[in-house]
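*Asks:* sequence and predicted structure, then a few things I'm wondering about:
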Amino acid sequence: MKANRALSATVQPERERHALSRLRQILNEPGILRASVIQMKKRCGKPYCRCAKTKRYWHLSWCVGQSQGGRPRMKHIPTELLPEVQLWVGRYQEARKLLDEVSNENWNKIIRHTQKKR
């Protein structure tokens, strides 16, 4: 299929060029994760611990959660891995935002092109 030269202009708008550049940087960095980092309270399981008596003393822990095939799944994150996982999730969120910006720019190109034809 032949691309329409009017829509694929040789000069990209500044915002689109910046978004695509940053998106390439993100994708070249190691680690990207579509998920949420969640802090939860839970019991440790030791019968003599104070968390076994009341919910007030449950321990804080970090989990990562995502939906896979319409079903939620969660995994415990060790404290030493938390900063790295938060970075991965942040990269995904930024990449998604940048993809939306590029998509909106291309949508606007279509709108402008169809308005010129009238």
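*Replies:* Here it is on my side, so go on.

*Asks:* remind me, longest strand of this protein?
*Replies:* Criterion DSSP state E: the longest strand present in the chain is strand 59-68.

*Asks:* now do the helix or strand just after that one against strand 59-68, angle only.
*Replies:* Per DSSP states H and E, the first helix or strand lying C-terminal to strand 59-68 is strand 71-77. For strand 71-77 against strand 59-68, the angle by axes from the mean of the first three to the mean of the last three Cα atoms, to 10 degrees is 140 degrees.

*Asks:* tell me what strand 71-77 is packed against?
*Replies:* Packing partners of strand 71-77 (3 or more Cβ pairs under 8 Å, 6 or more residues apart in numbering; DSSP states H and E): strand 59-68. In this view, the C-beta of every residue, glycine as well, is placed from N, C-alpha and C.

*Asks:* can you give me the buried ones in the strand it packs on?
*Replies:* Neighbour counts using 16 or more other Cβ atoms under 10 Å place 62-64 of strand 59-68 among the buried residues.

*Asks:* stretch 85-95 now?
*Replies:* Under 16+ other Cβ under 10 Å, the buried positions of stretch 85-95 are 85, 88-89, 91-92, 95.

*Asks:* dump those residues into a markdown table; add secondary structure and pLDDT as well.
*Replies:* Formatted as a markdown table, the buried residues of stretch 85-95 follow (DSSP: H, G, I helix; E, B strand; the rest coil; pLDDT from 0 to 100):
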| residue | secondary structure | pLDDT |
| --- | --- | --- |
| V85 | helix | 95 |
| W88 | helix | 95 |
| V89 | helix | 95 |
| R91 | helix | 94 |
| Y92 | helix | 94 |
| A95 | helix | 93 |
